[in-house]
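Asks: Sequence and predicted model, in that order:
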Amino acid sequence: MSDSLITIVAIFLAVILMFIFPLMSIAERNDDIAELTVQTAVNDFVNTAKVTGKITISEYNKMVSKIESTGNTYDIELEVKILDDNVGKKSAWTNGTVIGENIYYSIYTSQIMGYMASMTEEGDGVYTMKEGDIISVSAKNNNQTLSQTIRSVFYSISGKGTYQIAAQASGLVSATGTN
């Protein structure tokens, strides 16, 4: 009886070592590749928006298609912090220096997409920013990847609301966009 029990346990361990761990390793590598793809797409989108000073529907859709090519679904959040200059002028003998404070207010994904959708009816679907604004983009997967599934079976650490693949980028807009 004990010999058959040891044989069953050995077979079970062999199956785990031969199939489950390599599958887990491949799934983790796929998630790493997907995260790299998402990070690259988000960085490219933010860099383009920073340099041109505008967010276009075509650039946004290009980023979304690159991200979705990983086979996962994502929550993409855009935020533009708009510089609201509240400045005063201090006069000096040789030059005028600006005093006061700069205040930022935020515009989020739904507002940006709504504005671009309304502009699409009129033409090109562009959200323009000005120099000094800050753009932030984040993307997180909202489906369960294969590695999350395997990990939750073995470790019970993956729960609802967790994500495996995430990317974010932000930057200071260096040019004022024009339509």
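Replies: Here it is on my side, so go on.

Asks: for the record, mean pLDDT for the longest helix belonging to the chain?
Replies: What stands out as the longest helix in the chain, according to DSSP state H, is helix 21-52. Averaged across helix 21-52, the pLDDT comes to 92.

Asks: buried stuff in it?
Replies: Within helix 21-52, the residues scored as buried using 16 or more other C-beta atoms under 10 Å are 24, 27-28, 30-31, 34-35, 37-39, 41-43, 45-46, 49-50, 52. Yep, even glycine has a C-beta here, placed from its N, CA and C like the rest.

Asks: One more: stretch 167-178?
Replies: Neighbour-count burial for stretch 167-178 flags 167, 169, 171, 173, 177 (criterion: 16+ other C-beta under 10 Å).

Asks: Check for me that the second one belongs to a strand.
Replies: Spelled out, that is residue 169. Yes. Checked against DSSP: H, G, I helix; E, B strand; the rest coil, residue 169 lies within a strand.

Asks: Write down the beta-bridge partners of it, one by one.
Replies: Counting by DSSP bridges, residue 169 is bridged to residue 137.

Asks: where's it relative to residue 37, distance?
Replies: From residue 169 over to residue 37 the distance is 14 Å, taken as C-beta to C-beta, to the nearest Å.

Asks: Any stretches of this protein with poor pLDDT?
Replies: 1, 85-102, 120-123, 156-162, 179 (pLDDT under 70).

Asks: let's see it at 90
Replies: Filtered on pLDDT under 90, the chain yields the residue ranges 1-28, 31, 57-58, 71, 83-105, 112-128, 130-132, 142-165, 174-179.
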